[in-house]
Each structure stands twice: as structure tokens, then as C-alpha cells.
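# Based on what follows, work out the 3D shape:
(one chain, ligands or ions: 1)
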Amino acid sequence: MSAPMKLKTLQSHLQDLKGFVEPKVELEQYETPPHIAAIAIYTIQTQFESITDKLVLDAGCGPGSLAVGAALMEAATVTAIDIDSDALEVFHYNADVMEITNVDAVQCDFLESKFCRLDNYFDTVLMNPPFGTKRNAGIDMKFLHKGLQLCSDSVYSLHKSSTRSHIKKKIKEWGVEGNVIAELRYDLPATYKFHRQHSKDIAVDLWRIHHPNS
Ligand SMILES: C[S@@+](CC[C@H](N)C(=O)[O-])C[C@H]1O[C@@H](n2cnc3c(N)ncnc32)[C@H](O)[C@@H]1O
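Take a look at the predicted model:
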């Protein structure tokens, strides 16, 4: 299946994006590395045709590598949501620099129930959700569940590979279908002061989760 932009070109654009200025640990603010974001967007388009001409939502957009990637891949529209106004400021900066016009940014809590007015509205929901800390356990599954509510087709989401069996269990429980479409290595930089190593290499799965028959 075709893509309007080559993988290398997409990655080189995403490499130029500005990151979080002062990342907030409680919101798990770390960017998807550009090569991971590029592979994810390119794979989602070339294997499933889920980006070009589609209504796309990026849940927890941060500086926007997934949203900007989708816009560059010629999504019909991209809606980018984040709870944090500082992250959205960077997002707007990146969208301006990339001269992207088919994106809307919304500041809100993605898990808030009033967002359900948009149930099934989007074709595709993209996310690199907060993985969930001790204080915030289970937020990744809440993001996934909400994403499924808002889309008519598929959610594409990045998760630590160590959570694979838990996600499989949840998928079964929710009556939806899904599988890992790419296994990636994510070089998580030492964003926060409490990280002792410069970076931590973790295995990450790109999931496609969808309603039956879609
Ligand atoms: C792991 S970062 C991913 C950032 C970006 N999507 C990327 O891939 O580079 C998670 C993002 O989710 C946002 N976030 C955390 N909790 C949220 C919530 N309840 N509603 C909306 N956004 C949230 C954070 O501010 C952060 O930008």
C-alpha cells in the first residue's frame, strides 16, 4: 500500500521537532524518539491505510511527533489532545515550523467523560500513553479504553513489551481484537533527575487494537 512520504523523509522531519521544555514527571512526559514515531506512522499507513485521508486523533500529543507525523502523511484532519498547556505550546511551535495546517490542538484531560460526545468519530487514534507509575497505575489501559470508545476503526498504541500479556487479557475482556504489529526498541532518555543512567533501552510494542469487523 502506498504512502505519500518516504520513511526516511518522514524521520528527518520528525528529527527537527522541538521536545518538552521542562518535562513533568507526574505526566510522564517523554517524547517518542523520531525513528520510532516515523516507523510507527509509516507502518500504520503502508500496512493498514489508516492515516492518509483519515480523521486522526493523537491522545496525549506532547510536542507532537505522532500528530505531526500523521499530518505530514496527509491525514484529512489531526486532533491533538494534551492535558498540559506547556506541552501544547511546544506542539503549536512545531506545527508552525512544519507549516502544518490540518491539525487542531485541544487542552483537556483525555480521560474526562464529556469527551465521549465524540464516540466513534475518529477513524484512527494514535497514542504513546503514559505507561503508568506506582501513583498512576493502570492509566495506559484507561487511555486505550477511551481511544477505542472514540474511534470507529483502530487504535495504534505504544506499550512496554513487558505488558503484552496484560494487554491481551484486557483486549479479551473488552471484546475487541488486537495484535502487535511492530516490535521496537525505545531509547528512553534520562529525562528526570532520579534516572541514574543516561538512557535506558526498553522493548516496546506497537499495537493495533480494533473493534471486531473493522
Ligand atoms: C509519554 S508522553 C507522549 C508524548 C507524545 N505523544 C509523543 O509520543 O512524543 C505522554 C503525554 O500524555 C500527556 N498526558 C498525561 N496524562 C494525560 C491526560 N489525562 N489527558 C491528556 N494528556 C495526558 C502528557 O502531558 C504527555 O504529553
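
# Quick test: name the residue nearest the centre of this protein.
residue 127 (2.2 Å; C-alpha atoms, centre = their mean).

# CA atoms only: put the longest helix along the chain into CSV for me.
Across the chain, the helix with the greatest residue count (assigned by DSSP state H) is helix 34-48. Below are the C-alpha coordinates for helix 34-48, written out as CSV (Å, rounded to 0.1, in the frame of the first residue of the first chain):
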residue,chain,number,x,y,z
PRO,A,34,11.8,10.3,15.9
HIS,A,35,12.8,6.9,14.4
ILE,A,36,10.1,5.1,16.4
ALA,A,37,7.4,7.7,15.6
ALA,A,38,8.4,7.6,11.9
ILE,A,39,8.3,3.8,11.7
ALA,A,40,5.0,3.7,13.6
ILE,A,41,3.3,6.2,11.2
TYR,A,42,4.8,4.7,8.1
THR,A,43,3.8,1.2,9.1
ILE,A,44,0.2,2.2,10.1
GLN,A,45,-0.2,3.8,6.6
THR,A,46,1.5,1.3,4.4
GLN,A,47,0.1,-1.8,6.2
PHE,A,48,-3.4,-0.6,7.1
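
# Tell me which helix or strand comes right after it.
Once the chain leaves helix 34-48, the next helix or strand it forms, by DSSP states H and E, is strand 55-59.

# Contacts made by the next helix or strand after that following strand with the rest, please.
Note on strand 55-59: by DSSP H and E, the next helix or strand toward the C-terminus is helix 65-72. Contacts to helix 65-72, defined as C-beta atoms under 8 Å, 6 or more residues apart in numbering, come from residues 5, 10, 13-14, 17, 31-32, 34, 37-38, 40-41, 51, 56, 58, 61, 78, 80, 91, 94-95, 98, 100, 102-103, 124, 126-128. For every residue, glycine as well, the C-beta is placed using N, CA and C.

# same thing but 7 Å
Counting by C-beta atoms under 7 Å, 6 or more residues apart in numbering, helix 65-72 makes contact with 5, 10, 13-14, 17, 31-32, 34, 37-38, 41, 51, 56, 58, 61, 78, 80, 94-95, 98, 100, 102-103, 126, 128, all of which sit outside it.
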